[in-house]
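In: From the sequence below, what's the structure:
(one chain, ligands or ions: 3)
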Amino acid sequence: MRYGDRVLDLAPALDRALSERVAGPNLDRLLAAGRVVWTELAAAVAVLEPPEEHLHDLADVRLRLPFTVADYVDFYSSEHHARNLGRILRPGQPELPASWKHLPVGYHGRAGTVVVSGTDVVRPRGQRVSTSSTTGDPVFGPTVKLDIEAEVGFVVGTPSALGTPVPLGAFADHVFGVCLVNDWSARDIQAWEYQPLGPFLGKSFATSVSAWVTPLSALEAARVAPPPRDPRPLPYLDDTGASPYGLDLRLAVRLNGHLVAEPPFAQMYWTAAQQLAHLTVNGASLRTGDLFASGTVSGPEPHQRGSLVELSWNGTEPITLPDGSVRTFLEDGDEVVITATAPAVGGGSLELGEVRGRIVPG
Ligand SMILES: O=C(O)/C=C/C(=O)CC(=O)CC(=O)O
Ligand SMILES: [Ca+2]
Ligand SMILES: [Mg+2]
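Out: Numbering: from 1, shown residues only. Ligands and ions are numbered 1, 2, ... in the order given. Model prediction:
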């Protein structure tokens, strides 16, 4: 457990009965233990006075992937991001696909390449069509449009049965907490391969997650109403009158230490509860360790865009950083850090665990 600037080795600091139910080398057993135990643990932690011997400086600790990732799904739930990508990738066509306001669009990603914050990201190679190509034929080589996507991830604890959808109201019975996600994306590989089945190799080479998962119970004060929906969604997605599941998380994206974007999660069109309801409405089951990400978090303002393809408008509007360096997409050696804050229970604000990654040559 994160304890300010330190790390608390929680299991030996807990009473034995609780410790035996959650202890392990990662969060897998805690996730599987279910909501009653999560609540019991949160109560125990709130009154805990940790002995010094179980506290370690962050610098002395190597952070690991916090849980075994089962299935990984990525949504597309920022209206601002979706409209921007539509304008950039599909000029002359409607900004939003016809289904966009009726369901949270998503795709299944590659769980095995989800890596913990701090892991280097190797520039991927693949097929792309050069902008100077006269034939439209692809070339092969390292991506020249390596991008980030600042996202929020939701971590499933309690599984569900195959054939049984998880309704909106059961969200907190299944989802343990929240992490930050960087969905690295090779825009040139993606643009050539993605139609009609969606992203494939352009995003499957690495997805970074924070080493820390913030329990939903710690984010009660961050809950906000999502933006109004028009048209009203079908009943299984209609959260009118329900306790809202928007979250006022304020993201910050830094490139080589310079702030380049401040995406507001509160403006996401579809909430995580709706994403979960949609993901299971066909009877698909959940497993402990399933990770579903929000989609790139972009707000309405230019400085609120959570990807470089938006911030540099597909490379046509380069960004000048305070140190004088200029970027469109990522260069080798670049380091990206995504952080977030949220209103805390009892006042003040809390920080989510950061997600950090550096690009190394392919
Ligand atoms: O509009 C497209 O074709 C592609 C969109 C994305 O690459 C974004 C994606 O991965 C989903 C998201 O993060 O919002
Ligand atoms: Ca994404
Ligand atoms: Mg990815």
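
In: Show me the contact partners of stretch 315-331.
Out: If you take Cβ atoms under 8 Å, 6 or more residues apart in numbering as the criterion, stretch 315-331 is touched by 144-148, 187, 255-256, 258, 260, 308-309, 311-312, 334, 336, 359. Glycine gets a C-beta too; all of them are placed from N, C-alpha and C.

In: now swap in stretch 111-122 and tell me
Out: 63-66, 69-72, 180, 184, 204-211, 291, 353-362.

In: Just the buried ones from the contacts of stretch 315-331?
Out: 144-148, 187, 255-256, 260, 308-309, 311-312, 334, 336, 359 (16 or more other Cβ atoms under 10 Å).

In: Can you tell me which residues in the protein are near ligand 2?
Out: Taking Cβ under 5 Å from the ion as the contact definition, the chain meets ligand 2 at 74, 149, 183.

In: Contacts only, for the last one.
Out: Residue 183 makes contacts with 74, 109, 148, 149, 151, 203, 207, 293, 296, as judged by Cβ under 8 Å, 6+ apart.

In: returning to that earlier point: among the buried ones among the contacts of stretch 315-331, which lie within helices?
Out: Counting by DSSP state H, those place 187, 308, 309, 311 in helices.

In: For the stretch 201-350 of the chain, which residues are neighbours of ligand 3?
Out: Contact residues, the stretch 201-350 of the chain versus ligand 3 (Cβ under 5 Å from the ion): 203, 207.

In: what kind of secondary structure is the closest residue to ligand 1 within the stretch 201-350 of the chain in?
Out: Of all residues in the stretch 201-350 of the chain, residue 295 sits closest to ligand 1, at 3.0 Å by Cβ to the nearest ligand atom. For residue 295, the secondary structure call by DSSP: H, G, I helix; E, B strand; the rest coil comes out as coil.

In: can I assume it is in contact with residue 74?
Out: Yes - Residue 295 lies in contact with residue 74 (Cβ atoms under 8 Å); the separation is 6.5 Å.

In: circling back: same list (the ones in helices among the buried ones among the contacts of stretch 315-331) but as TSV, adding pLDDT.
Out: Below are these laid out as TSV (pLDDT from 0 to 100):
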residue	pLDDT
187	97
308	98
309	98
311	98
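
In: okay, those residues in a markdown table with distance to residue 172 next?
Out: Putting these into a markdown table (distance: Cβ to Cβ, whole Å) gives the following:
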| residue | distance to residue 172 |
| --- | --- |
| 187 | 36 |
| 308 | 34 |
| 309 | 34 |
| 311 | 34 |
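
In: So which residues of the stretch 51-200 of the chain form helices?
Out: 79-89, 171-174, 187-193 (DSSP state H, counting those that start in this stretch).

In: What residues does the stretch 151-300 of the chain have near ligand 1?
Out: 151, 183, 185, 194, 199, 295, 296 (Cβ under 6 Å from any ligand atom).

In: still on that earlier bit, if we check ligand 3, which of the residues of the chain next to ligand 2 are in contact?
Out: residue 183.

In: for the residues of the chain next to ligand 2, which one is nearest ligand 3?
Out: residue 183 (4.2 Å; Cβ to the ion).

In: phi, psi of the closest one?
Out: Dihedral angles of residue 183 (phi, psi; degrees, to the nearest 10) stand at phi -90, psi 80.

In: Not counting its neighbours along the chain, what's nearest it?
Out: Spatially, and ignoring its direct neighbours in sequence, residue 183 is nearest to residue 149 (3.9 Å; Cβ to Cβ, 6 or more residues apart in numbering).

In: From ligand 1, how far out is that neighbour?
Out: Distance of residue 149 to ligand 1, computed by Cβ to the nearest ligand atom, to the nearest Å: 5 Å.

In: Tell me which residues touch the residue of the stretch 201-350 of the chain found nearest ligand 3, please.
Out: Going by Cβ to the ion, ligand 3 is nearest to residue 207 of the stretch 201-350 of the chain, at 3.4 Å. By Cβ under 8 Å, 6+ apart, the contact list for residue 207 reads 72, 74, 109, 110, 113, 114, 115, 181, 182, 183, 184, 293.

In: how many neighbours does the nearest residue to the third one once chain neighbours are set aside have?
Out: In space, not counting the residues next to it along the chain, residue 109 is nearest to residue 72; the distance is 4.3 Å by Cβ to Cβ, 6+ apart. Around residue 72 sit 24 other residues, with neighbours defined as other Cβ atoms under 10 Å.

In: One more: residue 354?
Out: Summarising burial for residue 354: neighbours were counted as other Cβ under 10 Å, giving 17.

In: Touching, it and residue 336? I think so.
Out: No - judged on Cβ under 8 Å, residue 354 makes no contact with residue 336 at a distance of 10.3 Å.

In: neighbours around residue 105, how many?
Out: Residues contacting residue 105 under the criterion other Cβ under 10 Å number 18.

In: Going forward, count from 7.
Out: In the new numbering, first residue 7, that becomes residue 111.

In: Helix, strand, or coil at residue 242?
Out: Residue 242 ends up helix, using three-state DSSP.

In: which residues does it contact?
Out: Residues near residue 242 by Cβ under 8 Å, 6+ apart: 171, 173, 174, 283, 284, 287.

In: Right, I'll call it a day here.
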